[in-house]
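> Starting from these lines, generate the structure:
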Amino acid sequence: MEVIGKVKLIGEVQTFGSNGFRKRELVVTTDEQYPQMIMIEFVQDKCDLLTSYSVGQDVKVSINLRGREWINPQGEAKYFNSVQGWRIESLSQAASTQAPPAEQFQPAPDLTSDEPDDLPF
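Below is the predicted model:
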């Protein structure tokens, strides 16, 4: 699955437990009629993927949905979901590599109005 939007927040790396579990949170605001602020967790070595990104960048984040069950002390089952990121791409860089700027094209030589227009519109 993918989330596309603008980076709203990049959290600091958090470390937990004696094993040094690492987590870093990213919030992406989607660009739709009702924008959503989606919090995505990057864990362990994936935390380092966020170092070259900044607030305001347009990104595409590849995610996995994770779910787990927890039994509380009263024996009741509780369920939790998380959104984990595993890849992030800058959309602004991707767009600039797809099409060259108009300045790179030379004008058509010897263009006259006598030539037939072969455009379908």
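> all strands of the protein, in order?
In the chain, the segments counted as strands under DSSP state E are 2-10, 14-16, 21-30, 37-43, 58-71, 77-90.
> Flag every buried residue along the last one.
It refers to strand 77-90. 83, 85, 88, 90 (16 or more other CB atoms under 10 Å). (Each C-beta comes from the backbone N, C-alpha and C, glycine too.)
> Look at the third one and report its pLDDT.
It refers to I88. Per-residue pLDDT puts I88 at 97.
> Which residue or residues pair with it through a beta bridge?
V61 (DSSP bridges).
> Offset the numbering so it begins at 5, please.
Shifting the count to begin at 5 puts that one at I92.
> right, and it touches D52 too?
No. Using CB atoms under 8 Å, I92 makes no contact with D52, being 10.9 Å away.
> dump the residue contacts of the residue lying closest to P39 once chain neighbours are set aside.
Counting by CB to CB, 6 or more residues apart in numbering, T33 is the residue found nearest to P39 once chain neighbours are left out, at 5.3 Å. When the contact criterion is CB atoms under 8 Å, 6 or more residues apart in numbering, the partners of T33 are 9-10, 12, 39-42.
> and these, which are buried?
Buried among these (16+ other CB under 10 Å): 9-10, 42.
> Show me which of the buried residues of strand 81-94 is closest to D62.
S94 (7.1 Å; CB to CB).
> Might you report the residue contacts of that closest one?
57, 61-63.
> If we use 7 Å, what do you get?
Going by CB atoms under 7 Å, 6 or more residues apart in numbering, S94 touches 61, 63.
> What separation do you get for it and I8?
11 Å (CB to CB, to the nearest Å).
> I'd guessed I75 sits against A81; true?
Yes. With contact defined as CB atoms under 7 Å, I75 and A81 form a contacting pair (5.7 Å).
> Distance to E16 added to the buried residues of strand 81-94, as CSV?
CSV is the format used below for the buried residues of strand 81-94 (distance: CB to CB, whole Å):
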residue, distance to E16
V87, 19
G89, 16
I92, 17
S94, 21
